[in-house]
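In: predicted model and sequence follow; I will ask about them next.
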Amino acid sequence: MGIMNNSSTDPNKILPMKYKWARQHYKDGVANNWTPEEVGMQKDVEQWKSDSVLSETERRLIMWNLGFFSTAESLTANNIVLAVYRHVTNPECRQYLLRQAFEEAIHTDTFIYCCDTLGLDPDEIYNMYNTIPSIKEKDEFVVDLTKNVFDPNFKTETTEDIQKFVRDLIGYYVIMEGIFFYAGFAMMLALKRQNKMIGIGEQFEFIMRDESVHLAFGCDLINTIKSENPEIWTPEFQEEIIGLMRKAVELESTYARDACPQGLLGINSDQFIKYVEYIADRRFERIGLPKQYKTENPFPWMSSSTDLSKEKNFFETRVTEYQTSGNLDWD
């Protein structure tokens, strides 16, 4: 009577709950609730129109990150709705998946809001997964990992099939949301720390806050499937996952060098790469695999950047009270 394809589970009957962690992640998501229109963008518009505030490197970096995230969020949402939800039959997990799908829609709306507010060319932004090689390689890598589970005839009945499904979960939760997003987060929040494009920076803070819960849910889901199906976690499968995650770090490192070739505000691309390695080690540990890089965190400020329970001046910005959602792991 496990978490997947459980014919004895009534998906309409959420009580009593078996997986309390799924319910907690749902509540954490609700506590994080936000919409992009709540973030003021007037200063961003002024800075974007100015010829003296942003360097060409900074403008390019902003465009690239908007381009990558705009398609990555859609890929993630499709995976939740078309693949994961079908096989995870537990009702409290499905409740969270619906919440996550809603948050992915909010993230997609954020990039629409940013494009509209700054007057960006949507064809340029939304086509970067085709025109920028290091973005295209990341997207294709994750899509290739997960193409089997999109087959309408795919089932999770054999050990090999369950391994394919776990590979999909690792591809989207651990690699896409847990590794590929984080160099971009660091770049955009580094800009915000210098009082540049603070509206977009705050949007990215909220997205990062959501993604931290997505990652936590995904890892709990993966670890539960492992514990209920221990035969899948063979040494060979573990080595395969390690290899895939190391490849993901290489791809994200290439993206970091491409997106920020000349450095940014005193931060060079090597530091972004070290941050990705540090993040990847935490992902390895979270799903029961050994650290691969043992790199120290070059950006300790990243954790504090997502502490959104802060007071705002009533006369300067719209007041929105964000609840705290427990001890979330921002990294």
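Out: All right, it came through fine.
In: ok, residue 61 - contacts?
Out: 187, 191, 259, 260, 264 (CB atoms under 8 Å, 6 or more residues apart in numbering). Bear in mind the C-beta positions are built from the backbone N, C-alpha and C, glycine included.
In: please apply the same query to residue 115.
Out: 66, 122, 125.
In: name the nearest residue to the second one, ignoring sequence neighbours.
Out: For residue 122, the nearest residue in space outside its immediate sequence neighbours is residue 115; the separation is 5.2 Å by CB to CB, 6 or more residues apart in numbering.
In: so for the helix or strand the one you found falls within, mean pLDDT?
Out: According to DSSP states H and E, residue 115 maps onto helix 91-118. Helix 91-118 carries an average pLDDT of 96.
In: then stretch 266-279?
Out: pLDDT averaged over stretch 266-279 gives 91.
In: and what of stretch 283-294?
Out: On average, stretch 283-294 scores 98.
In: what are the buried residues along that stretch?
Out: 283, 284, 286, 287, 289, 293 (16 or more other CB atoms under 10 Å).
In: OK, contacts around the last one?
Out: Read that as residue 293. Here residue 293 is in contact with 249, 277, 278, 280, 281 (criterion: CB under 8 Å, 6+ apart).
In: between these, which has the most around it?
Out: residue 280 (24 neighbours; other CB atoms under 10 Å).
In: was I right about that one contacting residue 179?
Out: Yes. The criterion here is CB atoms under 8 Å, and residue 280 meets it with residue 179 at 5.5 Å.
In: tell me where the model's unsure across the stretch 51-200 of the chain.
Out: Along the stretch 51-200 of the chain, the model assigns pLDDT under 70 to no residue.
In: now do the strands in it.
Out: With DSSP state E, counting those that start in this stretch as the definition, the stretch 51-200 of the chain shows no strands.
In: now the helices for it?
Out: 56-79, 85-87, 91-118, 122-126, 128-131, 133-146, 159-169, 182-193, 198-228 (DSSP state H, counting those that start in this stretch).
In: closest one to residue 254 among those helices?
Out: Residue 254 sits nearest to helix 133-146 of all the helices of the stretch 51-200 of the chain, at 5.0 Å, using CB to CB.
In: which neighbouring elements make contact with that closest one?
Out: If contacts are counted by 3 or more CB pairs under 8 Å, 6 or more residues apart in numbering; DSSP states H and E, helix 133-146 sits against helix 56-79, helix 128-131, helix 159-169, helix 235-259.
In: would you mark the buried spots in the second one?
Out: Neighbour-count burial for helix 128-131 flags 128, 129 (criterion: 16+ other CB under 10 Å).
In: residues in contact with it?
Out: Here helix 128-131 has contacts from 63, 64, 67, 68, 70, 71, 135, 136, 139, using CB under 8 Å, 6+ apart.
In: again, only using 6 Å
Out: 67, 71, 135, 136, 139 (CB atoms under 6 Å, 6 or more residues apart in numbering).
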